[in-house]
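*Asks:* After the sequence you'll find the predicted model.
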Amino acid sequence: MKIGLFGGSFNPVHIAHYFIAEETLNQFDLDEVLLIPAYKQPFKLKDKILESDKRLELLKASNSNEAIKISDYEIKKGSISYTYETINYYKSKGELFLIIGADSAYYFTEWKKYKQIIDNVNRILVFPRVEYPRNKVLEKWDYGRNKIEFMDSILMEISSTEIRKRIRKGSPFRYLVPEEVYNIIKQKGYYK
């Protein structure tokens, strides 16, 4: 079983998240991709973030691909979400492929126990970001460069931060998120 692990705050989940999950399923012949919302991300402890149960609600409501599954592991754990712990939890379930953005790959050596993460996954699949080209990312990798693989994909520069700003300003955001996410946000007033 080839499993993609795609973590993040998903604050809120948007169409690029699902596009990336589907792209990795196709490009790397994965059996499934797990979207794993963090309870609290170590690099975003000071950020204002929608409660974990509400972010999980948005993910569950919007997922329509049977090969993309939603994991509540980090939320149920109820503490700071460290990737090495999540990988330890899932490593008995199959071959693991960590899915991260090029921006995260650039700062990867700052992650807690990053060498252990590299050692415990089959590959690290990196989706492109404009400001973090392949050569810039690879300059930072002193360990495990043979495990990193860059996705061949179109760029989707959509960010949850920008979506939250648009919601607060009352700007349109309907087509940046799945329809179910849009409807819940409008109905419940999330991110106002």
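*Replies:* Received it, and whenever you're ready, just let me know what you need.

*Asks:* now the longest helix along the chain: how far from the chain's centre is it?
*Replies:* With DSSP state H applied, the helix covering the greatest number of residues in the chain is identified as helix 15-27. Here helix 15-27 is found 10 Å from its chain centre; the criterion is CA atoms, centre = their mean, to the nearest Å.

*Asks:* Return that helix as PDB; C-alpha atoms alone will do.
*Replies:* The C-alpha trace of helix 15-27 is given here as PDB (Å, rounded to 0.1, in the frame of the first residue of the first chain):
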ATOM      1  CA  ILE A  15      -9.000  23.700  -4.300                       C
ATOM      2  CA  ALA A  16      -5.200  23.600  -4.500                       C
ATOM      3  CA  HIS A  17      -5.000  21.200  -1.600                       C
ATOM      4  CA  TYR A  18      -7.300  18.800  -3.400                       C
ATOM      5  CA  PHE A  19      -5.500  19.400  -6.700                       C
ATOM      6  CA  ILE A  20      -2.100  18.500  -5.100                       C
ATOM      7  CA  ALA A  21      -3.600  15.400  -3.500                       C
ATOM      8  CA  GLU A  22      -5.000  14.200  -6.800                       C
ATOM      9  CA  GLU A  23      -1.800  15.100  -8.700                       C
ATOM     10  CA  THR A  24       0.300  13.000  -6.400                       C
ATOM     11  CA  LEU A  25      -2.100  10.100  -6.600                       C
ATOM     12  CA  ASN A  26      -1.600  10.200 -10.400                       C
ATOM     13  CA  GLN A  27       2.000  11.000 -10.800                       C
END
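
*Asks:* just the strands in the chain please.
*Replies:* All strands of the chain, identified by DSSP state E, fall at 2-8, 32-37, 68-70, 95-101, 123-127, 148-150.

*Asks:* Okay, now the sheet partners of the last one, with direction.
*Replies:* It stands for strand 148-150. Here strand 148-150 is paired, per DSSP bridges, with strand 123-127 (parallel).

*Asks:* could you give the angle of the partner strand to helix 15-27?
*Replies:* For strand 123-127 against helix 15-27, the angle between stretch directions is 130 degrees (axes from the mean of the first three to the mean of the last three CA atoms, to 10 degrees).

*Asks:* now what about strand 123-127, what contacts it?
*Replies:* Applying CB atoms under 8 Å, 6 or more residues apart in numbering, the external contacts of strand 123-127 come out as 4, 20, 23-24, 27-28, 97-102, 105, 108, 118, 137, 144, 147-151, 153. Using the backbone N, CA and C atoms, a C-beta is placed for each residue, glycine as well.

*Asks:* Which ChimeraX command selects the buried ones in the residues you listed?
*Replies:* This is the ChimeraX syntax for the buried subset of those, where burial follows 16 or more other CB atoms under 10 Å:
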select :4,20,23,24,28,97,98,99,100,101,102,105,108,118,137,144,147,148,150,151
